[in-house]
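Peer 1: I would like to see how this sequence folds:
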Amino acid sequence: MSELMKYAESADLYSKISNLITAKKYTVSRAVNSAIVFLYWEIGETICKDILQNHKAEYGKNIINEVAKQLSQNYGKGFDRTAIFRMVQFYQEFPDKEKVATLSQQLTWSHFVVLLPIEDELKRDFYAAMCKSENWSVRVLRERKNSMLYERTAISKKPDETIKNDIALLMEKDKMSLDLFYRDPYVLDFLGLKDTYSEKDLENAILSELERFILEMGSDFAFMARQKHFVLDGKDYYMDLLFYHRSLRRLVLIELKLGAFEPEHKGQVELYLRWLKKNEMCEGEDDPIALILCAEKSQETVELVELDKGSIHVAQYLTKMPPKKLLEEKLAIAIENAKEQLEQR
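Peer 2: Got it, this is the predicted structure:
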């Protein structure tokens with residue numbers, strides 16, 4: 001056998017074994033993570049059922065304090081008083097064992113630690129489902145939570161039953177609804193734009209920071225084209241940004257508008273969507289959708305031209321993150337207005 005053949009066979013064998021090792025490491029890592037998460041959940045369950053439900057609150061706390069002291073001495077700081085009470089909270093906030101089993105395949109204990117302080121169950125389930133679907137790291141989860149992603153997502157303005165159904169669909173079948181996808185406002189403070197800039201500046205800044213922009217949009221995005229060109233009746237047209245979203249199985253058109261939303265933007269984008277459907281849509285995909293990102297929008301105008309009901313959505317972008325209190329107030333008003341409109345239908 002020639003040295004060349006020996007080298008080729010050796011390289012092939014090494015590649016196969018290396019792939020086996022990598023795959024097994026990943027499998028073992030997931031199994032270990034799942035086992036740890038389940039251990040903490042079972043500790044919380046045991047304490048809740050054996051101690052907290054059968055004793056007065058103060059007496060139960062004293063017992064937990066004593067047990068935590070012994071556990072931390074034997075098993076380390078990971079079982080001190082704070083950690084044990086967090087496990088109790090984990091069981092109380094996630095009592096469904098099957099849900100924990102599903103989430104623990106991708107979420108680490110550190111993910112759950114970030115999720116536990118969220119008091120609203122629907123909001124907590126939203127972040128958990130998004131973590132699972134988009135494979136967020138703990139850092140990304142914190143960033144999304146701090147930027148109030150849930151409140152900015154269209155689903156937060158829907159009735160509770162709709163929110164539950166859409167989250168369950170994402171959690172169980174990894175199928176994302178449009179209400180989970182759309183958000184308003186989009187926070188683009190990472191672009192570093194000056195006070196005076198053009199739509200081209202905005203587009204260039206987004207493309208130069210494409211990875212962070214896509215994270216704000218959602219990690220299932222794939223970039224396809226910039227200034228997508230087509231000719232209709234001898235006239236040139238250019239679409240700003242074109243993406244593909246894997247979970248939605250749709251082309252996503254993004255149009256950037258420097259000023260306020262104007263009604264004529266709807267007609268322009270409708271033309272683009274019809275062209276995409278006729279010329280770019282592949283078999284098995286759903287119809288293309290569009291997002292118009294503008295500096296300002298009048299909700300009255302958006303409602304009058306009947307957007308946000310179909311395939312076109314309008315959202316503001318913020319090139320600087322506003323104070324959290326101001327953002328909370330703005331979003332609270334938007335949510336209340338949306339719920340009032342739903343109740344009047």
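Peer 1: three-state assignment of V231?
Peer 2: strand (DSSP: H, G, I helix; E, B strand; the rest coil).
Peer 1: so it sits against Y237, correct?
Peer 2: Yes: between V231 and Y237 a contact is recorded at 7.4 Å, counting by Cβ atoms under 8 Å. In this view, the C-beta of every residue, glycine as well, is placed from N, C-alpha and C.
Peer 1: more crowded one of the two?
Peer 2: Y237 (13 against 8; other Cβ atoms under 10 Å).
Peer 1: per-residue pLDDT of the residue lying closest to the more buried one once chain neighbours are set aside, please?
Peer 2: Distance criterion Cβ to Cβ, 6 or more residues apart in numbering; nearest residue to Y237, sequence neighbours excluded, is F230 at 5.5 Å. F230 carries a pLDDT value of 90.
Peer 1: tally of neighbours for F230?
Peer 2: 15.
Peer 1: verify the contact between it and N279 for me.
Peer 2: Yes: counting by Cβ under 8 Å, N279 is a contact partner of F230 at 7.2 Å.
Peer 1: now I289. Its backbone dihedrals?
Peer 2: Backbone geometry at I289, expressed as degrees, to the nearest 10, gives phi -130, psi 170.
Peer 1: from F230, how far off is it?
Peer 2: 18 Å (Cβ to Cβ, to the nearest Å).
Peer 1: quick one: contacts for the residue nearest to Y237?
Peer 2: D236, Y237, M239, W275, N279 (Cβ atoms under 8 Å, 6 or more residues apart in numbering).
Peer 1: recalculate using a threshold of 10 Å.
Peer 2: Each residue near F230 by Cβ atoms under 10 Å, 6 or more residues apart in numbering is listed here: D236, Y237, Y238, M239, L271, Y272, W275, L276, N279, E280.
Peer 1: turn those into a markdown table, columns for pLDDT.
Peer 2: Output for the contacts of F230, formatted as a markdown table (pLDDT from 0 to 100):
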| residue | pLDDT |
| --- | --- |
| D236 | 90 |
| Y237 | 90 |
| Y238 | 89 |
| M239 | 91 |
| L271 | 92 |
| Y272 | 93 |
| W275 | 93 |
| L276 | 94 |
| N279 | 93 |
| E280 | 92 |
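Peer 1: among those, which ones are buried?
Peer 2: Buried members of the contacts of F230, scored by 16 or more other Cβ atoms under 10 Å, are M239, Y272, W275, L276, E280.
Peer 1: out of those, list just those in strands.
Peer 2: In this view, the buried ones among the contacts of F230 that belong to strands under DSSP state E are M239.
Peer 1: and the buried ones among the contacts of F230 as a markdown table, adding distance to V302?
Peer 2: Output for those, formatted as a markdown table (distance: Cβ to Cβ, whole Å):
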| residue | distance to V302 |
| --- | --- |
| M239 | 21 |
| Y272 | 18 |
| W275 | 23 |
| L276 | 22 |
| E280 | 26 |
